[in-house]
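In: Following is a predicted model, sequence given first.
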Amino acid sequence: MSEDKSLNFLEEIIESDIAAGVNNGRVHTRFPPEPNGYLHIGHASSICLNFGLAKKYNGLCNLRFDDTNPSTEETEYVESIKADVKWLGFEWANELYASDYFEQLYLFAVQLIDKGLAYIDDSTPDEMAAQKGDIGKPGVESFYRNRGIEENKQLFADMRAGKYPDGAKVLRAKIDMEHPNLLLRDPIIYRIKHAHHHRTGDQWCIYPMYDFAHGQSDSIEQITHSICTLEFIHHRPLYDWFIEQLNIFPSHQYEFARRSVSYMITSKRKLLQLVNENHVSGWDDPRMPTISGMRRRGYPAAAVRQFCDMIGVAKRENLVDIGVLEFCVREQLNKTAHRVMAVLNPVKIILTNYEAGRTENLVADNNTEDESSGTRSISFSRELYIERDDFMEEPPKKFFRLAPRLSVRLKHAYIITCNEVIKDADGNITELHCNYNPDSKSGNDTSGIHVKGVIHWVNAADAVPAQVRMYNRLFTVDDPANAEGDFKEHIAPNSMEINNAALVEKSLLNATSGEQFQFMRKGYFCVDRESSSVQLIFNQTVGLKDTFAKEMKK
RNA sequence: AGUCCGAUGGUGUAAUGGUAACACUACAGAUUUUGAUUCUGUCAUUCUAGGUUCGAACCCUGGUCGGACUACCA
């Protein structure tokens, strides 16, 4: 079970529980999103953790929607969350909803009232805030704190029956108004909300608070290890208190530090702003740190899983370099993506010694990393396009590409030499006239010439125009959530650049939405869902590592 | 101010009382019909001051620094 790899602190807890026979060695986790937004990279790591732990220890993991606040939750989100979890490659043991437990939760509350541990409070929110005290300053007890049990029960029943408007009364646990942990100063456990719930409709007008729903839901589901982020650590005493007072199955809560990723934000509120204020095109904009955004961007699910696994889990604050995620994306795609040729910024070349009207079909491997990927045929003729960047009139030293009198190999084809540079009246290069060496055909080279550079190209006769959407970081600073000023001040002005001039090889005409490719020497790209046979559209997933560009900067 | 977390290279994690490991990044080199991939090498006296011990990243005490908590949100 435990391999050579060292355990993280959660695995240690679980293994020691198993060794001690806690719950007969049973492991049951849960992933509990509130259906009020789309899942993002942070959720992905929680999903990988909860489902991963369950899988590793032959346990189960539930998908539970924490839908106790009817005013923010919608079915649309439920559906997207399910799709995202599935896409990530996980299967839940049970699909459950906190709202399934509303009746049971109500009974739990009555039980607490019966024990004299909960009371109805008529105070206004302001009064309650004032009673609460402050950090380092004890609170004072509410005027209503010592209502009789029978009165409380009647009032609570009346609340449920809809006799009071929103905010008129709340049910509070009776704990300790002087407790140093503010959450234990008689927390509200039920509030009145005459709102339509996405699942229970208008059946209820009182709803339990998080603290009175989460732990009990865990307990009802016999969750053994309830894993959440560090900000809930102060809730744990409350979590335990309710379980103890109610005398129900003792689930236990464990906290880990949420993983932040540089150049990404994971606040739902901020993400919502990006969408609503049209800084991005939607929740699945390829620049979004949402799971749906990463999917559309072309990040493989396996890469996201690898990333979550790689960054580990601990209890200290962190800011993981987004480069790690990109490394995982490249590593996955390197193994699977077919190599094709696409010229993003074309300049025409004419092979002056190649017969006009002649066309050859050349053989190209789809992916040399994967022998089973096979080959395809690409056409070659007198007029071609190459990348404008691959030609320099006055090349620096160690420029292994095309320049006057210099030679390069055209990938899968011939070695060419540039003889003449044609320019327009403004001095812009319009054409390059080159010679090809007929003896240098790829795979059949008898020329004896050795060139250092190999560049990609497309055949002018059948290249297909395409739109390529290039993406840069959405933010100009690595930690936009904590940077000075409003996070929106740090939105990068050029996070998306649309290129309508690209030419791709003909085989891409058959590419289907979501399909991933490596544009040789350029990066990984995928077919966008808006792409059609009329207009091919590609998203840049991630660039290739570019040591040459780095060298040139020096 | 009170309570609770945390502190190991540029980054993220490991080492659980026996002399700092792995990965990413960076840098250097080899291979290469992708300046990609692959391969090799280089890069830390563990926040601090004491203490316990033959021996401390690890245990104890004090300090410093960072974070969380005062929603009828989750």
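Out: Looks like it arrived, so ask away. Predicted, not measured: the structure shown is a model, and the values here were computed from it. Numbers count the residues shown, from 1 in each chain, chains lettered A, B, ... in the order given.

In: and the stretch 301-450 of chain A, which of its residues are near RNA strand B?
Out: Selection of the stretch 301-450 of chain A residues close to RNA strand B by C-beta under 7 Å from any atom of the strand yields A:310-321, A:323-324, A:327, A:330-331, A:334, A:339, A:367-369, A:398-401, A:409, A:411-412, A:440-443, A:445. Glycine gets a C-beta too; all of them are placed from N, C-alpha and C.

In: Could you give me the ChimeraX syntax to select whichever of those are buried?
Out: Listed next is the ChimeraX selection for buried residues among those, using 16 or more other C-beta atoms under 10 Å:
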select /A:311,313,320,327,330,339,367,399,401,409,411,412,440,441,442
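
In: Please narrow the residues of the stretch 301-450 of chain A next to RNA strand B to those residing in strands.
Out: Per DSSP state E, strands hold the following members of those: A:319-320, A:339, A:409.

In: State the pLDDT value of residue A:437.
Out: Per-residue confidence (pLDDT) for residue A:437: 96.

In: For it, list the residues it contacts.
Out: Going by C-beta atoms under 8 Å, 6 or more residues apart in numbering, residue A:437 touches A:407, A:414-417, A:447, A:449.

In: send the alpha carbons of stretch A:306-315 over as CSV?
Out: Coordinates of each C-alpha in stretch A:306-315 appear next as CSV, following Å, rounded to 0.1, in the frame of the first residue of the first chain:
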residue,chain,number,x,y,z
GLN,A,306,0.0,15.0,-12.4
PHE,A,307,0.3,18.6,-11.3
CYS,A,308,-1.8,18.1,-8.2
ASP,A,309,0.2,15.1,-7.3
MET,A,310,3.5,16.8,-7.9
ILE,A,311,2.8,19.9,-5.7
GLY,A,312,1.9,17.7,-2.8
VAL,A,313,0.0,18.8,0.3
ALA,A,314,1.0,20.4,3.5
LYS,A,315,-0.1,23.0,6.0
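
In: Need the contact partners of that stretch.
Out: Contacts for stretch A:306-315 (C-beta under 8 Å, 6+ apart): A:8-10, A:44-45, A:48-49, A:52, A:230, A:255-257, A:259, A:318, A:320, A:324-325, A:328, A:331-332.

In: and it, how far from the chain's centre?
Out: 14 Å (C-alpha atoms, centre = their mean, to the nearest Å).

In: Touching, residue A:387 and residue A:343? I think so.
Out: Yes - using C-beta atoms under 8 Å, residue A:387 is in contact with residue A:343, at 5.4 Å.

In: Give me the common contacts of the two.
Out: By C-beta under 8 Å, 6+ apart, residue A:387 and residue A:343 have these common neighbours: residue A:456.

In: ok, which stretches of the stretch 451-554 of chain A are helices?
Out: Taking DSSP state H, counting those that start in this stretch as the criterion, the stretch 451-554 of chain A contains helices spanning A:547-553.

In: Quick check: residues of it near RNA strand B?
Out: Residues of the stretch 451-554 of chain A lying near RNA strand B (C-beta under 7 Å from any atom of the strand): A:453-455, A:518, A:520-521, A:544-548, A:550-551.

In: List only buried entries from those.
Out: A:454-455, A:518, A:520-521, A:544.

In: Output the residues you listed in a markdown table; the columns should cover pLDDT.
Out: Putting those into a markdown table (pLDDT from 0 to 100) gives the following:
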| residue | pLDDT |
| --- | --- |
| A:454 | 97 |
| A:455 | 98 |
| A:518 | 98 |
| A:520 | 98 |
| A:521 | 97 |
| A:544 | 97 |
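
In: Check what contacts stretch A:128-143 and list those residues.
Out: By C-beta under 8 Å, 6+ apart, the list of residues contacting stretch A:128-143 reads A:119, A:121, A:123, A:127, A:170, A:172, A:177-178, A:182, A:185-186, A:188.

In: Out of these, which are close to RNA strand B?
Out: A:123, A:170, A:182, A:188.

In: can you tell me which of the residues you listed are in strands?
Out: Going by DSSP E, the strands hold A:170, A:188 from these.

In: May I see the ChimeraX selection of the buried members of the ones next to RNA strand B among the contacts of stretch A:128-143?
Out: Listed next is the ChimeraX selection for buried residues among those, using 16+ other C-beta under 10 Å:
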select /A:123,170,188
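
In: Just put the ones next to RNA strand B among the contacts of stretch A:128-143 in JSON lines and tack on pLDDT.
Out: JSON lines is the format used below for those (pLDDT from 0 to 100):
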{"residue": "A:123", "pLDDT": "97"}
{"residue": "A:170", "pLDDT": "98"}
{"residue": "A:182", "pLDDT": "96"}
{"residue": "A:188", "pLDDT": "98"}
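
In: ok, back up a step: can you pick out the most distant pair from the residues of the stretch 451-554 of chain A next to RNA strand B?
Out: Farthest-apart pair in these is A:518 and A:551; separation 21.6 Å (C-beta to C-beta).

In: coming back round to it: and residue A:387 and residue A:343? Which one has more around it.
Out: residue A:343 (25 against 21; other C-beta atoms under 10 Å).

In: distance of the more buried one from RNA strand B?
Out: From residue A:343 over to RNA strand B the distance is 13 Å, taken as C-beta to the nearest atom of the strand, to the nearest Å.

In: Dig out what that residue forms beta bridges with.
Out: residue A:503 (DSSP bridges).

In: Contacts only, for it.
Out: Residue A:343 neighbours (C-beta under 8 Å, 6+ apart): A:385-387, A:456-458, A:463, A:502-504.

In: which one of those is nearest residue A:95?
Out: Of all the contacts of residue A:343, residue A:95 sits closest to residue A:504, with 41.7 Å by C-beta to C-beta.

In: if we can go back for a sec, save the contacts of residue A:343 as CSV, and put in pLDDT too.
Out: Listed next are these as CSV, based on pLDDT from 0 to 100:
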residue, pLDDT
A:385, 98
A:386, 98
A:387, 98
A:456, 98
A:457, 98
A:458, 98
A:463, 97
A:502, 98
A:503, 98
A:504, 98
